[in-house]
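what follows is a predicted protein model with its sequence.
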Amino acid sequence: MPWASFSAVVAGDSSEEKESEKCSIRGLIFNRRNSINQRLWNEIRESCFRNLADAGRKMDYDNFKINKRTMTEHSHEQECCPVFDPAPWDYVTHEWIDKPFIKDYLPQLFHMPLPRMMSKVIGRMWKKAQDAGAATEMKDFILLAYDPSPWKSELYMTVTKEVPGAENVKLTGTFMSKVFDGPYNHIPKYLNEFRRYLVLKEKTAKKYYFYYTTCPKCAKKYGHNYIVAFAEV
């Protein structure tokens, strides 16, 4: 499955000051000049995705390995993340009416998820969706992340129907999306660019969400690290 929010999404309310503050915090975290060694964070990120795959195998998910077409098929060369097509998401406006999601929470430290919790939370959500027969087709899959605070991220996984034992939510409204291709530590830059695009469209964001489509290893393999920004307007 595509791994979305490994790195905690920058998201916020309509207050530009709060958004700028969050953006500044994220910039400090990801900036290579930070006192925290960048290599350490790279190792933590890759550990997240390795742990997620291990969790999937331990839970004995049906055909957990993924190929380019669906979440449950195998190919000769089994892959971690399927190839992402940015076209349906770049400069696109989505009108959602009661779009179903399941919601879970990810503890984090200054917008950085705790490594072992990433695999636990996403694996738990995916298993509930599969067990309920509510997993979406690959082309429709989204895992949005929204940070209400530096200490917690909210994850929203698309499903096809209500899932027993999960927190079911429905999103209604207009959502604009834009695709970025580049490193995670450019999130503040992406957010500022997205804001300028919204200004040109005379729109104001109520909330921002990010969807991380590819793990670091697969991003290197494919030569692209696509990140989709969503704004509820």
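Noted; the coordinates are in hand.

CA only for contacts and neighbour counts going forward, please
Will do.

these two touch, right, residue 128 and residue 163?
Yes - in this structure, residue 128 is within contact of residue 163 by CA atoms under 8 Å, at 6.9 Å.

the two: who's more crowded?
Counted by other CA atoms under 10 Å, residue 128 and residue 163 do not tie: residue 163 has more neighbours, with 21 against 18.

run a quick neighbour tally on the residue lying closest to the more buried one once chain neighbours are set aside.
Distance criterion CA to CA, 6 or more residues apart in numbering; nearest residue to residue 163, sequence neighbours excluded, is residue 132 at 5.8 Å. For residue 132, the count of nearby residues is 16 (other CA under 10 Å).

what about residue 165, neighbour count?
Burial of residue 165 is recorded as 10 neighbouring residues (other CA under 10 Å).

for it, helix, strand, or coil?
coil (DSSP: H, G, I helix; E, B strand; the rest coil).

next one, pLDDT for residue 216 please.
Reported pLDDT at residue 216 in the predicted model: 79.

now it: phi and psi?
phi -60, psi -40 (degrees, to the nearest 10).

so how far is residue 226 from it?
From residue 216 across to residue 226, the span is 11 Å (CA to CA, to the nearest Å).

list the buried residues for the longest strand along the chain?
Assignment by DSSP state E gives strand 92-109 as the longest strand of the chain. For strand 92-109, the buried set under the neighbour-count rule, 16 or more other CA atoms under 10 Å, comprises 93, 100-108.

re earlier: double-check the residue nearest to residue 163 against residue 164; I have them as touching.
Yes - applying CA under 8 Å as the test, residue 132 and residue 164 come out as touching, 7.1 Å apart.

you'd agree residue 124 is in a helix?
Yes - checked against three-state DSSP, residue 124 lies within a helix.

ok, now how distant is it from residue 107?
14 Å.

now residue 120
11 Å.

equivalent analysis for residue 91, please.
Using CA to CA, residue 91 is found at 31 Å from residue 107.

could you do residue 210 as well?
Taking CA to CA, one finds residue 210 at 17 Å from residue 107.

same deal with residue 84?
Residue 84 is 27 Å from residue 107, by CA to CA.

contacts only, for residue 233.
173-176, 203-207 (CA atoms under 8 Å, 6 or more residues apart in numbering).

in strands, which of those appear?
Filtering the contacts of residue 233 for strands - DSSP E - leaves 173-176, 207.

now render those as CSV, adding distance to residue 112, pLDDT and neighbour count.
As requested, those are arranged in CSV below (distance: CA to CA, whole Å; pLDDT from 0 to 100; neighbours: other CA atoms under 10 Å):
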residue, distance to residue 112, pLDDT, neighbour count
173, 28, 94, 12
174, 28, 95, 14
175, 25, 96, 21
176, 25, 95, 21
207, 19, 91, 20
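
relative to residue 193, which of the residues you listed is nearest.
Nearest to residue 193 among the ones in strands among the contacts of residue 233, counting by CA to CA, is residue 176 at 13.4 Å.
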